[in-house]
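**Student:** Take a look and give me a structure for this.
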Amino acid sequence: MLSRVNHKNFVNLIGYCEEDEPFNRMMIFEYAPNGTLFKQLHVKETEHLNWSARIRIIMGIAYSLQDMHHHLNPLVAHSNLNSHNIFLVDDYAAKITEISFLPQDSSKLKSSGDNESVHSTLPPLADVETNVYCFGILLLEIISGKLQYSEEQGSLEKLAAEYLNDKCSITYLIDPILKSFKKNELDLICKIIQECIQPDSRQRSTMKDITSKLREVIAISPDQATPRLSPLWWAELEILSVEIIEISFLPQDSSKSKSSSDNDISYLIDPTLKSFKNNELDLICEIIQECIQPDPRQRPTMKDITSKLREVIAISLDQATPRLSPLWWAELEILFVEAT
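**Tutor:** Sure thing, here's the model as predicted:
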């Protein structure tokens, strides 16, 4: 699924690790400094989301789901859409993530969260109708700031049912920390929630219809809902551009290459570097070739790579670790507070 969805409100997979000895599986996603939507809504210590930020998050999620349901062939349904799987980047734009590897089996799919998985009334299968239902529940969670389930209130959808049909009391659903909200946007969202959580899946709206209705009242375009340029864009670009650099290291026909001279590798060096060590460059190029072998069984382990690097590069483990930060006392105080 990750390889098929290409939307600016869907998280980017930067890379992965698949080692057998020792067994290790790792996926590397783009950095989302503001954590999950769940954290921003329910953890008191985090910065509170105002109404405008919440509306922008809603639109980002809607645009991404519309793309998954209507622009991909075959369509893609999210297997577990909830606030734990919505990440927020530095400007609080929404990024949907999908990291579930569970079989698409109704007996095995569960909602995330301890209490939520036990008490959830969400339909079990991952399909577009279920995604619409989950989107409705997400809207409830976003505007109310309430958990999908708690022992005190029960399930959020049951609590909301008491208010959704009574426009006079609808404001009681609003998160009390919100200083203001737009009544016309709230009315529209409540109407869409009712359409999304219909017990009969055939009566639920499609994400295309939902997005269209949202656009009639909420003036946030797809471009405005997507993340602005990240301060770390240069790092992400450098990581993604490795694919381009790899081509330079692939075996070439001697008749097509610029030169058979070993010194030609220097043309890859960053021109802003005033100097470099040839022996270290030669080693790094050799390691790059070993790392990007098409057959993963021929690639060295990180243990072997580190050993080779140490043979030429005189930087010990202690020398590579960060020196004591000028803010070490503040970090220590934070850790102390957590411990107490």
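**Student:** can we go C-alpha only for contacts and neighbour counts from here?
**Tutor:** OK.
**Student:** Kindly provide the distance from Tyr172 to Asn24.
**Tutor:** From Tyr172 over to Asn24 the distance is 48 Å, taken as Cα to Cα, to the nearest Å.
**Student:** more crowded one of the two?
**Tutor:** Tyr172 (12 against 9; other Cα atoms under 10 Å).
**Student:** Contact partners for the more buried one?
**Tutor:** Taking Cα atoms under 8 Å, 6 or more residues apart in numbering, we find Tyr172 in contact with Tyr163.
**Student:** quick one: secondary structure of it?
**Tutor:** helix (DSSP: H, G, I helix; E, B strand; the rest coil).
**Student:** List the buried residues in stretch 48-65.
**Tutor:** The neighbour-count check on stretch 48-65 (16 or more other Cα atoms under 10 Å) flags 48-49, 51, 54-65 as buried.
**Student:** What of stretch 62-82?
**Tutor:** Those would be 62-69, 76-82, for stretch 62-82 by 16+ other Cα under 10 Å.
**Student:** Over to stretch 286-300?
**Tutor:** Buried residues in stretch 286-300 (16+ other Cα under 10 Å): Ile287, Ile288, Glu290, Cys291, Ile292, Arg299.
**Student:** dump the residue contacts of the third one.
**Tutor:** With contacts defined as Cα under 8 Å, 6+ apart, the neighbours of Glu290 are Gln298, Arg299, Pro300.
**Student:** Closest one of those residues to Ser201?
**Tutor:** Arg299 (48.9 Å; Cα to Cα).
**Student:** so what's the closest one up against?
**Tutor:** Glu290, Cys291, Ile292, Gln293.
**Student:** 6 Å - rerun?
**Tutor:** Glu290, Cys291, Gln293 (Cα atoms under 6 Å, 6 or more residues apart in numbering).
**Student:** Got the confidence number for the first one?
**Tutor:** According to the per-residue confidence, Glu290 scores 89 in pLDDT.
**Student:** pLDDT below threshold where in the protein?
**Tutor:** 1-3, 99-125, 165-168, 229-267, 323-340 (pLDDT under 70).
**Student:** For it, which segments are assigned as helices?
**Tutor:** 37-42, 51-66, 114-119, 128-144, 156-164, 183-196, 207-217, 222-225, 233-240, 242-249, 278-291, 302-312, 317-320, 328-339 (DSSP state H).
**Student:** now these as TSV including distance to Leu268?
**Tutor:** Compiled in TSV, the helices of the chain are given as follows (distance: least, Cα to Cα, whole Å):
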stretch	distance to Leu268
helix 37-42	42
helix 51-66	38
helix 114-119	51
helix 128-144	47
helix 156-164	57
helix 183-196	54
helix 207-217	47
helix 222-225	35
helix 233-240	14
helix 242-249	8
helix 278-291	10
helix 302-312	20
helix 317-320	25
helix 328-339	38
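**Student:** Quick one: closest of those helices to Phe87.
**Tutor:** helix 37-42 (5.8 Å).
**Student:** now for the closest one, which elements pack on it?
**Tutor:** Helices and strands touching helix 37-42, by 3 or more Cα pairs under 6 Å, 6 or more residues apart in numbering; DSSP states H and E: there are none.
**Student:** which outside residues touch that helix?
**Tutor:** By Cα under 6 Å, 6+ apart, the residues outside helix 37-42 that reach it are Thr46, Ser83, His84, Ile86, Phe87, Gly145.
**Student:** Which residues are in contact with the first one?
**Tutor:** The reference is to Thr46. Gln40.
**Student:** repeat that with 10 Å
**Tutor:** Asn34, Gly35, Lys39, Gln40 (Cα atoms under 10 Å, 6 or more residues apart in numbering).
**Student:** Could you do the second one as well?
**Tutor:** Taking Cα under 10 Å, 6+ apart as the criterion, Ser83 is in contact with 36-41, 96, 112-113, 134-135, 137-139, 141-142, 147-148.
**Student:** swap in the last one?
**Tutor:** Applying Cα under 10 Å, 6+ apart, one finds that Gly145 lies in contact with 38, 40-42, 48-49, 139, 173-178.
**Student:** The fourth one now?
**Tutor:** For Ile86, the contact set (Cα under 10 Å, 6+ apart) comprises 9-11, 32, 35-39, 57, 61, 93-98.
**Student:** Can you give me the neighbour number for Leu164?
**Tutor:** 19.
**Student:** The closest residue in space to Ile193 that isn't next to it in sequence: what's it in contact with?
**Tutor:** Residue nearest to Ile193 in three dimensions, not counting chain neighbours: Gly136, with 4.6 Å by Cα to Cα, 6 or more residues apart in numbering. Residues near Gly136 by Cα under 10 Å, 6+ apart: 130, 142, 157, 189-198.
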